[in-house]
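Participant: Predicted model and sequence follow; I will ask about them next.
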Amino acid sequence: MSSDARRADTSRAADRPPGVVVTRVEPLTADTRARVRALAAAVAERVGAPPLSEQTLLALGSADVAHWVATADGELVGYAQRADGVAEVAADIVDAGDARDVVVTAGAVVAADAGLSGDAVVADLLRAADADAVWAHGRRSPVAAVATALGYQRARELWQLRRPATAAPSLIPNPTITDRSPAALPAPLPSPAPVPPAAPDPAPTPVPPGVVIRPFRVGVDEPAWLALNAAAFAAHPEQGRWTMTDLLARENAAWFDPAGFLLAWRDAAPTPPADDAGDFRRHAEAPAEPASQSSTAPELLGFHWTKRHEDGRGEVYVIGVSPSAQGMGLGGALLAAGLDQLTGREVLLYVEGDNNAALRLYERFGFTRHDVDIQLRR
Ligand SMILES: CC(C)(COP(=O)(O)OP(=O)(O)OC[C@H]1O[C@@H](n2cnc3c(N)ncnc32)[C@H](O)[C@@H]1OP(=O)(O)O)[C@@H](O)C(=O)NCCC(=O)NCCS
């Protein structure tokens, strides 16, 4: 929590007097970027989900996206960013109905004292951003209702799944991801095609013979990974478009650890003995074979990039398998290899609500639904 966060008395009425000013700003100063991060952290704590995605936070200093700030008496009370026609909005205003003793930013204190309405600030920011689509992060986000009132409609769901870090994949019975019960989510989209139930106790997934799993090599593997990421996520509107800039931004992040970024290669490395071929962990721990020892060029078939959060949670950050190698068990082997490393509190991941192949895979490993992000379009 940022140092400019404090506790506020939220007893004022929620009528919205004039006083909020929405301004397009370019570029954001370092001070404003810090205040936006503090605002996002405060909202995340109160609402239970970060209002701004990692990509949006990484782009706070970018001139390639549009930025708006909402201020009251000079204090930051809200922020919006639009990139490729899609907006994300955060407003740190404690409405009269909220708990009186919550952690908020300095701007929220001013806003609460002035009796400002958080929904009104979100609406002002959305109108200013004038985006084709907007994300509402988490089921308690106020953005979905405000956007709906402005004419946006649900278009996409991004589910957050979780499981205990210590869970043994084959020991978790009766997974529930594909139970698309409406009670678990607010007003779901029209139901996609149902996924057949998974086997309750699946056999372990071996790494296919001739495939080795080894950590990402910084400064070497970037081009191959970008090409594979684009192929695996060709149909994905954001992930498949990652550039070298996007990748290097993550490599420069404090959390980045190449040891948790696993790549599966098909190369000329010796195929292990038959009784060893199914143990992906031994492959994962084996030292990387220098490319020069291969008689043919190694081919990158898949990856599992894990992330450790400061709070001890682990994340299946991105996982993908080449379209030519899908369906032969590599996704399961990569998922298991990464989960072996995530020994913290809990593991989370985000997945499109209609990605049946991925949902089936995660279900088999005991993940269940935790929250949902909704994209609304107009
Ligand atoms: C999701 C993905 C990583 C799975 O990798 P994979 O190597 O194909 O997976 P596996 O062969 O280990 O199979 C995993 C499960 O998915 C199932 N599956 C595969 N394709 C499927 C499909 N089109 N529909 C439903 N289930 C499917 C398999 O039957 C298997 O289930 P089972 O173990 O109960 O038999 C891969 O499909 C992929 O890269 N997709 C594109 C990128 C992506 O969506 N990544 C996940 C982002 S959250």
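Facilitator: Happy to help now that I have it.
Participant: Counting neighbours, which bits of stretch 145-165 end up buried?
Facilitator: Applying a neighbour-count criterion of 16 or more other Cβ atoms under 10 Å, one finds 146-148, 152, 154, 156-163, 165 buried in stretch 145-165. (Each C-beta comes from the backbone N, C-alpha and C, glycine too.)
Participant: among these, which are in helices?
Facilitator: 146-148 (DSSP state H).
Participant: The residues you listed into TSV, with extra columns for pLDDT and distance to Val109?
Facilitator: Listed next are these as TSV, based on pLDDT from 0 to 100; distance: Cβ to Cβ, whole Å:
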residue	pLDDT	distance to Val109
Val146	95	22
Ala147	97	26
Thr148	96	29
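Participant: can you tell me which of those lies nearest to the ligand?
Facilitator: Lowest distance from the ligand to those (Cβ to the nearest ligand atom) belongs to Ala147, with 24.4 Å.
Participant: quick one: that closest one and Leu126 touch, right?
Facilitator: Yes - under the criterion of Cβ atoms under 8 Å, Ala147 is in contact with Leu126, at a separation of 6.2 Å.
Participant: Now Leu339: phi and psi?
Facilitator: According to degrees, to the nearest 10, the main-chain angles of Leu339 amount to phi -60, psi -30.
Participant: Then the one 3 residues further on?
Facilitator: Phi and psi for Leu342, reported as degrees, to the nearest 10, are phi -90, psi 90.
Participant: Relative to the ligand, how far out is the nearest residue to Gly353 once chain neighbours are set aside?
Facilitator: Closest residue to Gly353 apart from its sequence neighbours, by Cβ to Cβ, 6 or more residues apart in numbering: Glu157 at 3.6 Å. Spatial separation of Glu157 from the ligand under the definition Cβ to the nearest ligand atom, to the nearest Å is 13 Å.
Participant: Kindly report the same for Trp305.
Facilitator: With the distance defined as Cβ to the nearest ligand atom, Trp305 ends up 11 Å from the ligand.
Participant: before we move on, what about Asn229?
Facilitator: Taking Cβ to the nearest ligand atom, one finds Asn229 at 9 Å from the ligand.
Participant: Report the buried residues of the helix or strand where that residue lies.
Facilitator: Here Asn229, judged by DSSP states H and E, is contained in helix 222-232. Within helix 222-232, the residues that count as buried by 16+ other Cβ under 10 Å are 224-225, 228-230, 232.
Participant: cool, and stretch 105-117?
Facilitator: When neighbours are counted by 16+ other Cβ under 10 Å, the buried residues of stretch 105-117 are found to be 105-112, 114-117.
Participant: would a markdown table of these with pLDDT be doable?
Facilitator: Formatted as a markdown table, the buried residues of stretch 105-117 follow (pLDDT from 0 to 100):
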| residue | pLDDT |
| --- | --- |
| Thr105 | 71 |
| Ala106 | 73 |
| Gly107 | 73 |
| Ala108 | 72 |
| Val109 | 71 |
| Val110 | 74 |
| Ala111 | 73 |
| Ala112 | 71 |
| Ala114 | 73 |
| Gly115 | 74 |
| Leu116 | 76 |
| Ser117 | 79 |
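Participant: among the residues you listed, which two are most distant?
Facilitator: For the buried residues of stretch 105-117, the farthest-apart pair by Cβ to Cβ is Ala106 and Ser117; their separation is 18.3 Å.
Participant: residues making contact with stretch 52-59?
Facilitator: Taking contacts as Cβ atoms under 8 Å, 6 or more residues apart in numbering, the residues outside stretch 52-59 that touch it are 36-37, 40, 65, 79, 81, 83, 88, 90, 135, 137, 238, 246, 249, 253.
Participant: So among these, which ones count as buried?
Facilitator: By the neighbour-count criterion of 16+ other Cβ under 10 Å, these include these buried positions: 36, 40, 65, 79, 81, 83, 88, 90, 135, 137, 246, 249.
Participant: any chance of those residues in CSV, plus secondary structure, pLDDT and distance to the ligand?
Facilitator: As requested, these are arranged in CSV below (DSSP: H, G, I helix; E, B strand; the rest coil; pLDDT from 0 to 100; distance: Cβ to the nearest ligand atom, whole Å):
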residue, secondary structure, pLDDT, distance to the ligand
Val36, helix, 97, 27
Ala40, helix, 95, 23
Val65, coil, 97, 24
Tyr79, strand, 97, 27
Gln81, strand, 98, 23
Ala83, strand, 97, 20
Glu88, strand, 98, 20
Ala90, strand, 96, 24
Trp135, strand, 98, 17
His137, strand, 96, 17
Asp246, helix, 95, 16
Ala249, helix, 94, 20
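Participant: now stretch 332-349: mean pLDDT?
Facilitator: Here stretch 332-349 scores 91 as its mean pLDDT.
Participant: Export only the CA atoms of stretch 72-88, formatted as CSV.
Facilitator: Backbone C-alpha positions of stretch 72-88 (Å, rounded to 0.1, in the frame of the first residue of the first chain) are rendered in CSV as follows:
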residue,chain,number,x,y,z
ALA,A,72,-10.7,16.9,-7.2
ASP,A,73,-9.1,19.9,-5.5
GLY,A,74,-5.9,18.9,-7.3
GLU,A,75,-5.9,15.4,-5.9
LEU,A,76,-6.0,12.3,-8.2
VAL,A,77,-9.3,10.5,-7.8
GLY,A,78,-9.4,8.5,-11.0
TYR,A,79,-7.5,7.4,-14.1
ALA,A,80,-8.4,6.0,-17.5
GLN,A,81,-6.2,4.6,-20.2
ARG,A,82,-7.3,3.7,-23.8
ALA,A,83,-5.1,1.4,-25.9
ASP,A,84,-6.3,0.1,-29.3
GLY,A,85,-9.8,1.2,-28.6
VAL,A,86,-10.0,-0.6,-25.3
ALA,A,87,-10.2,1.3,-22.0
GLU,A,88,-9.5,0.5,-18.4
